[in-house]
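> Sequence and predicted structure are below.
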Amino acid sequence: MFHLTAMGNAPLDAIVKVDEGFLIKNNIEKAALTVIDAVQCDDLLHQLQEMDAKVSYVPGGGSANVASVLGALGGKAAFQGRIGAGRNGDFFIESLHKNGLETSSVYRDSDNGTALIIIPITPDGERSFASYYGAAGLFGPDNIDEKQVADSQALYVEGFGLIAKTGFAGYKKAIKAAKEADRKVFFGVSDKTIIEDYIEEVPYLIEAADMVFMNRLEAETLSGKTDMDAILKNILGRGISGVITRGEDGVYILDAQKNHAHFFAVDKPLSAAEVVNMNGAGDAFTGGFLYGLLNGTSQEKAVKLACACAREIIQTEGPRPLESLRHLL
């Protein structure tokens, strides 16, 4: 049996440093998300090639990152998503295999490419996003392996998977399989815009989830409050159990049944010089926490392991482990 089946978005990130003119020329909104099609994606990559720009390709996706951390700790995890049949798809699969993930239920789309998020970074450090969703944008019920879900202790779904037009229908099918098999369901919000844009889907996923994972900004958006005490009171009052991460300011674990929020401080925050990349820190925390939870450790130990995993990822260039994390156990 798997500890976890995770599903959702399956993109590669293409990170590159450019000047402001690149954004203006290509109508890419600065520090925001611009959706592009396959032709526009190819054109942007061609421009970058002509500029002799150094493009770093990094596999991403919140659910894939969470499962990868759990796998790097020695847990058994599977991923379900939709990728292209070409080289980028191969790269995405290889990245999961490095952390021991089962990928037999990842769908290979021969007509659409693997999702690619081009991330131009301007001299002021701002990141913008030109997103081609490709195969991932077609993820849906036909891509769900219900048996694999039922053969797992838990199911994890991410907010960004809702970007696919049939993604929510796919999630509902997977959740139904999990519930029928008496499995746990976990939901990672992904971004505050998911709460704002999917006003029918997000409440359903929150209601279906045994725990909801969010950061401080997402918790503010969900509750409509800015004071931490008011946030906790609002979310617990709505019967939501979950985790609110706040970086070096600590973590709250919410138990709706007990109407209680337990605070955990972060030991020895990293210095600015030690921080290489914040991308994937929240996913790493979630993966470490779920490993502890699904292996029967105490809540305190699960949080400590989660923080240690996030600390490792923050000190690497990508959002996934480059090697085993078993030493953290």
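Received, thanks.
> CA only for contacts and neighbour counts going forward, please
OK.
> What residues does the residue most central in space within the chain make contact with?
Nearest to the geometric centre of the chain sits Gly62, at 1.3 Å (C-alpha atoms, centre = their mean). Gly62 makes contact with 8-9, 158, 160, 190, 280, 283, according to C-alpha atoms under 8 Å, 6 or more residues apart in numbering.
> farthest-separated two in those?
Gly8 and Gly280 (15.0 Å; C-alpha to C-alpha).
> So for these two, which residue has more residues nearby?
Gly8 (30 against 23; other C-alpha atoms under 10 Å).
> doesn't Ile163 make contact with that one?
No. In this structure, Gly8 is not within contact of Ile163 by C-alpha atoms under 8 Å, at 9.5 Å.
> and the lowest-mean-pLDDT helix or strand in the chain, what does it pack onto?
Between all helices and strands in the chain, the lowest mean by mean pLDDT, DSSP states H and E belongs to strand 33-35, at a mean of 87. Using 3 or more C-alpha pairs under 8 Å, 6 or more residues apart in numbering; DSSP states H and E, the elements in contact with strand 33-35 are strand 129-132.
> that older thread, which phi and psi does the residue nearest to the centre of the chain have?
As for Gly62, its main-chain torsions (degrees, to the nearest 10) stand at phi -60, psi -50.
> roughly how far apart are it and Gly282?
9 Å (C-alpha to C-alpha, to the nearest Å).
> returning to that earlier point: ok, residues contacting the least confident helix or strand of the chain?
28, 128-133.
> Tell me the buried residues in it?
Neighbour-count burial for strand 33-35, counted by 16 or more other C-alpha atoms under 10 Å, picks out Thr34.
> Strand partners (parallel or antiparallel) of that strand?
strand 129-132 (parallel) (DSSP bridges).
> Does anything pack onto the helix or strand that the partner strand is followed by? Which helices or strands?
Sequence-wise, the next helix or strand downstream of strand 129-132 (DSSP states H and E) is helix 146-150. If contacts are counted by 3+ C-alpha pairs under 8 Å, 6+ apart, helix 146-150 sits against helix 167-180.
> After the helix it packs on, which helix or strand is next? Please name it.
strand 184-188.
> That next one pairs with which strands, and in what direction?
Strand 184-188 has these strand partners (DSSP bridges): strand 152-158 (parallel), strand 211-215 (parallel).
> who touches the longest one?
Outside of strand 152-158, the residues within contact range by C-alpha under 8 Å, 6+ apart are 1-9, 62-63, 149, 171, 174-175, 178, 183-190, 294.
> what do you get for the last one?
Strand 211-215 is contacted by residues 185-190, 206, 240-246, 282, 286 when judged by C-alpha under 8 Å, 6+ apart.
> so which of the residues you listed is the most crowded?
Among the contacts of strand 211-215, Thr286 has more neighbours than the rest - 32 neighbours, counting by other C-alpha under 10 Å.
> before we move on, which element is that residue in?
Short version, using DSSP H and E: Thr286 is in helix 281-294.
> and that helix with strand 184-188, angle?
In terms of direction (axes from the mean of the first three to the mean of the last three C-alpha atoms, to 10 degrees), helix 281-294 departs from strand 184-188 by 170 degrees.
> Quick one: list the elements packing against helix 281-294.
helix 62-72, helix 299-314.
> Would you mind listing the buried residues in it?
Burial within helix 281-294, assessed by neighbour count using 16+ other C-alpha under 10 Å, is assigned to 281-293.
> Same question for stretch 129-145.
Quick answer for stretch 129-145 (16+ other C-alpha under 10 Å): 129-141, 143-145.
> ditto for stretch 314-329
314-322, 324-325.
> so where is this protein shaky, pLDDT-wise?
The model of the chain has pLDDT under 70 over residues 269-279.
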